[in-house]
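Undergrad: Dropping the sequence and predicted coords here.
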Amino acid sequence: MRHHTTAGPLPDLRRPADGPRLLVPDLVLTPEGLREGYAAVVDGGAFQAVGPAAVLEREHPRLTPVRLPGHLLMPGFVDAHHHLTQSFGAALAFGEPSEIFRRVWVPLEGALDEESAYTAAKLSALESLRGGFTTVAEAGTRAPVDVGVVAAAAGDAGIRCVLGLVCNDVPDPAGAGGTEDTASVLAAAEKHLARYEGAELVHPSLAVPVPEAATERTLRHTARLAAEAGAVVQIHVNEHLAAVERSLVRHGLRPLEYLREAGALGPQLLAAHATLVTPSELTLLADAGAAVSYNPVASAWKGNAVAPATAMAERGIRFGLGTDGTRGDALRLVEAAEFAQRLAYGLATGDSSCGAGWTWLDRGGPGGADALGLGALTGRIAAGAAADFLLVDVGGPEMRISRDLPWELVRRGNRDQITAVFVAGRLRMWRGRAVGWDDLAFLDRAAELADEVVARAGVTRAHPTSAAARAGSAVR
């Protein structure tokens with residue numbers, strides 16, 4: 001079926017609404033699939049009604065329909081794994097081997113002060129919003145600042161944030177953290193969960209960098225505290241060969257097996273990466289109801305493997321898609337999710353579909369929200385859900401004649417098509433620019449601070465920069 005879009009001018013939505021809005025796009029991506037002739041009523045930060053436009057116009061005669069020709073209204077994307085305070089060092093990781101946290105991320109975050117940590121986090125949030133993410137999961141910063149700095153940055157940018165607090169009482173493999181006793185770590189965890197209870201855009205989470213960075217007691221009790229609070233515990237699991245081997249040497253168990261023995265494997269677990277999982281570990285994840293963040297770009301840039309996401313989907317394992325701070329471009333992320341599965345698994349088995357397109361849109365939005373414990377709140381265009389959504393231009397040359405829009409979005413979509421980004425019913429981005437604050441002046445200051453932080457961080461690269469590599473190449 002070919003979806004028809006109409007031509008016509010798009011109204012400027014930057015003027016704040018003084019009441020409910022009746023949005024009438026050409027297409028709406030509902031939980032049941034694409035719908036033509038649908039509309040949505042947005043008020044108070046949520047969708048009040050979603051259904052056939054003719055019905056909603058009749059039921060809300062006092063609302064002037066806002067026609068959005070050539071546009072798709074769809075859920076905002078969810079980044080299920082991010083490191084917001086690492087934005088100053090993005091290019092420092094390019095061309096580097098795995099486990100770069102030792103040489104790049106730990107020294108970089110350690111060099112941040114309050115202003116630079118706030119700015120780095122807000123820079124990440126700005127990029128994420130521009131790329132179509134309305135929610136990000138911050139996996140826990142190592143910066144020597146209160147996590148409230150990160151919360152403020154995300155809130156000021158206007159993005160929904162699942163905010164992790166690092167809870168390790170054993171020095172992690174990079175030698176960071178682990179200086180507090182177990183009782184103090186658990187007390188801080190309880191305080192963090194209570195601190196943001198009921199906050200509009202910040203949702204507290206607990207985080208352990210890797211399983212061996214915490215004692216069994218801390219792993220067990222952070223799992224309990226998170227489960228009681230309806231929160232998640234974010235843990236990097238089975239990401240690199242070195243991490244699996246460390247666990248085997250220290251505990252005689254693979255990381256997921258160790259989490260099970262520690263009493264930390266359950267629905268509250270958000271296992272980041274899970275690229276190196278055995279069939280029995282897939283069974284552990286499925287039986288426990290745990291969630292995974294599938295991070296395909298991170299696998300391509302610095303990983304040892306690609307998570308078997310199509311197998312996870314078949315086994316009913318909950319998972320979302322994460323950037324790992326690589327690039328805040330949601331449509332390129334869903335493309336990478338499908339592309340990585342095709343290269344890693346589909347080619348060898350003759351699976352030319354690898355999720356049939358819709359799988360990656362689903363895991364990039366509602367699946368990610370579910371993995372973060374926010375499935376009842378966001379990720380859906382439905383009455384009662386938070387109005388976290390995108391207006392995507394589907395009237396251009398890429399999709400005007402589309403006969404399978406979900407596949408087109410996965411393989412041909414790009415962030416230039418994202419006209420508007422709304423979080424909690426408020427317009428945050430309009431045609432790639434922030435709404436309500438001076439993003440250009442902010443970027444100037446971010447560039448200054450980034451230079452200062454990198455200069456004092458003591459980052460060590462294993463490979464030369466691109467320019468240095470080219471200069472030293474015999475082929476020029």
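TA: Structure's in. What do you need?
Undergrad: Spell out which helix or strand contains Leu256, please.
TA: helix 255-262 (DSSP states H and E).
Undergrad: residues in contact with that helix?
TA: 210-212, 216, 219-220, 235, 237-238, 243-244, 247, 251, 253, 265, 269, 271, 274, 277, 281, 284-285, 288 (Cβ atoms under 8 Å, 6 or more residues apart in numbering). Where C-beta positions appear, they are placed from N, C-alpha and C, glycine not excepted.
Undergrad: Which among those count as buried?
TA: Using 16 or more other Cβ atoms under 10 Å as the burial test, the contacts of helix 255-262 include 210-212, 216, 219-220, 235, 237-238, 243-244, 247, 251, 265, 269, 271, 274, 277, 281, 284-285, 288 as buried.
Undergrad: Narrow the contacts of helix 255-262 to those in helices?
TA: If you go by DSSP state H, the contacts of helix 255-262 have 216, 219-220, 243-244, 247, 251, 281, 284-285, 288 in helices.
Undergrad: And the strands in the stretch 51-200 of the chain, which stretches?
TA: 65-75, 77-82, 133-138, 160-166 (DSSP state E, counting those that start in this stretch).
Undergrad: sorry, back to before: quick check: the farthest pair among the ones in helices among the contacts of helix 255-262?
TA: Arg220 and Val244 (21.6 Å; Cβ to Cβ).
Undergrad: Tell me how many other residues crowd Gly263.
TA: 14 (other Cβ atoms under 10 Å).
Undergrad: and it, how far is that from Glu239?
TA: Plainly put, Gly263 is 22 Å away from Glu239 if you go by Cβ to Cβ, to the nearest Å.
Undergrad: one step back: tell me which of the strands of the stretch 51-200 of the chain approaches Thr465 most closely.
TA: Nearest of the strands of the stretch 51-200 of the chain (Cβ to Cβ): strand 77-82, 24.6 Å.
Undergrad: Helix or strand: which one has Ala376?
TA: Per DSSP H and E, there is no helix or strand for Ala376.
Undergrad: Against Ala386, how distant is it?
TA: For Ala376, the distance to Ala386 - Cβ to Cβ - is 10 Å.
Undergrad: what about these two, which has more around it?
TA: Ala386 (26 against 13).
Undergrad: The longest helix seen in the chain packs against which elements?
TA: Of all the elements of type helix in the chain, the one with the most residues (DSSP H) is helix 439-457. Helix 439-457 makes packing contacts with helix 106-110, helix 114-130 when contacts are defined by 3 or more Cβ pairs under 8 Å, 6 or more residues apart in numbering; DSSP states H and E.
Undergrad: how about the CA coordinates for it, as CSV?
TA: In CSV, the C-alpha atoms belonging to helix 439-457 read as follows (Å, rounded to 0.1, in the frame of the first residue of the first chain):
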residue,chain,number,x,y,z
ASP,A,439,21.7,27.2,21.2
LEU,A,440,24.3,28.9,19.0
ALA,A,441,25.8,30.9,21.8
PHE,A,442,25.8,27.8,24.0
LEU,A,443,27.7,25.9,21.3
ASP,A,444,30.4,28.6,21.3
ARG,A,445,30.9,28.2,25.0
ALA,A,446,30.8,24.4,24.8
ALA,A,447,33.7,24.5,22.3
GLU,A,448,35.8,26.6,24.6
LEU,A,449,35.2,24.4,27.6
ALA,A,450,35.8,21.2,25.5
ASP,A,451,39.3,22.5,24.6
GLU,A,452,40.1,23.2,28.2
VAL,A,453,38.9,19.9,29.5
VAL,A,454,40.6,17.8,26.9
ALA,A,455,43.9,19.7,27.5
ARG,A,456,43.9,18.9,31.2
ALA,A,457,42.4,15.4,31.0
